[in-house]
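# This is a predicted model, with the sequence first.
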Amino acid sequence: MNPSTRELLAHVSTATLCTALFKRGLRNQFLQDVHPLRGGRANMVGEAFTLRYIPAREDLNPISVFQDRDHPQRKAVEECPPGAVLVIDSRKDARAASAGSILATRLMQRGVAGLVTDGGFRDTPEIATLSMPAYHQRPSAPTNLTLHQALDINVPIACADVAVFPGDVLVGDGEGVVVIPAHLADEIAAEATEMTAFEDFVTAQVLQGRSILGLYPPTDPATPGEFAAWRQAHGR
C-alpha cells in the first residue's frame, strides 16, 4: 500500500468510506456484526492476509494437531506480514474461538496492524489491552478446534458475508471494519479525505444553528465558497 494512502485512511471514518464505496456501486463492504474489542483507538489500516476455517471434523481436529509446526492457524500467525491485517473466515460462527490472547500477542509483537474475524475470540479481556486492534462478533471461550478447522492461508474468503481478497485494504474504527478493493484504495482514500473535511465544515455550521438545507448536500450556490474559506482558515 502506498504510505500516503495508509496515512489518509488513518484519519477517515468507516462511515465516510462506505459512502465513497457506495458511489462506485459497492454496497456490501462493511463487516456486519463485527465489533472492536476496545474503542477509542486510532484507525486500524492494513492489507488483508487471510485465513479460512471450515467446519471441524472430530477425527481431524484433536488437540495434538497444534504440535504440527505447519498447522495453518499457526503458520498464518507467523507469516502474516507486518503492517497487514489477519482476517479470519469463521463462517460467522462464534460458538468457538477463532484465536486467543497468545496468538494475538504474537501478531502484535510481529508488527501486524490488526486482527479481524466474523467469529469470536477467547481471552478477550487480555486481547483488549493489546496495542494492536482486534475486531470480532462476540467473546467465545471454547478452543477453535471445537468447531473450526483451519484450512487455507491467503486465499479469497468471506468474512461477515463480505468478499475479502488478499491485498484488499481493511480500515477499522470505533464502529467496525470496511473492506476496500485494493485497486480502489488510493482514490477512495483521497475522496474520503475530501469528504471528511467537508463534513467537518458542515458539522461546524450546524452547531452554529444553520439548516442542512442547501448545505448538505451543498446545493446553495454560496456553500462551496464558504467551505473554501473555512478550509483555508482551518488549514484543511
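That came through, no problem.
# can you pull the pLDDT of Gln67?
With respect to pLDDT, Gln67 has a value of 89.
# neighbours around it, how many?
Gln67 sits with 9 neighbouring residues when counted by other C-beta atoms under 10 Å. Bear in mind the C-beta positions are built from the backbone N, C-alpha and C, glycine included.
# Quick check: phi and psi on it?
phi -70, psi -20 (degrees, to the nearest 10).
# got it, and Arg41?
phi -100, psi 160.
# can you point me to the longest strand in the protein?
Determined from DSSP state E, the single longest strand within the chain is strand 44-55.
# buried ones in that one?
44-53 (16 or more other C-beta atoms under 10 Å).
# which of those residues lies closest to Glu199?
Within the buried residues of strand 44-55, proximity to Glu199 (C-beta to C-beta) peaks at Val45, which comes in at 19.3 Å.
# Pairing partners for His35 in the sheet, please.
The partner list for His35 in beta bridges (DSSP bridges) reads His136.
# what bits of this structure have low per-residue confidence?
Residue ranges of the chain with pLDDT under 70: none are present.
# Max pairwise distance over the buried residues of strand 44-55: which two?
Val45 and Tyr53 (24.5 Å).
# picking up where we left off before, only alpha carbons, please: show the helix or strand just after the longest strand of the chain as CSV.
Downstream of strand 44-55, the next assigned helix or strand under DSSP states H and E is helix 72-79. Taking Å, rounded to 0.1, in the frame of the first residue of the first chain, the C-alpha atoms of helix 72-79 are listed here in CSV:
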residue,chain,number,x,y,z
PRO,A,72,-2.5,-23.4,9.1
GLN,A,73,-3.6,-21.3,12.0
ARG,A,74,-0.1,-21.2,13.5
LYS,A,75,1.5,-20.6,10.1
ALA,A,76,-0.8,-17.7,9.4
VAL,A,77,0.2,-16.1,12.7
GLU,A,78,3.9,-16.5,11.8
GLU,A,79,3.5,-15.5,8.2
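# For helix 72-79, buried residues please.
72-77.
# cool, and stretch 128-135?
By neighbour count with 16+ other C-beta under 10 Å, stretch 128-135 contains the buried residues 128, 130, 132-135.
# Now intersect those with the strands, please.
Reading strands off those with DSSP E, I get 134-135.
# quick one: which of the buried residues of stretch 128-135 is nearest to Pro156?
For the buried residues of stretch 128-135, the nearest to Pro156 is Tyr135 (19.3 Å; C-beta to C-beta).
# which one is the closest one nearest to, not counting chain neighbours?
Spatial nearest neighbour of Tyr135, excluding adjacent residues (C-beta to C-beta, 6 or more residues apart in numbering): Val116 at 4.6 Å.
# Kindly confirm whether my reading is correct that the one you found touches Asp89.
No. Look at Val116 against Asp89 with C-beta atoms under 8 Å: they stay out of range, at 10.1 Å.
# between the two, which one's more packed in?
Val116 (28 against 24).
# can you pull out the strands in this protein?
In the chain, the strands defined using DSSP E lie at 35-36, 44-55, 85-89, 97-99, 114-117, 120-121, 134-136, 138-139, 148-153, 157-159, 162-164, 169-172, 177-180.
# re the thing from before, could you list every residue that touches the residue nearest to Tyr135?
31, 34, 85-88, 134-136, 159, 170, 172, 177 (C-beta atoms under 8 Å, 6 or more residues apart in numbering).
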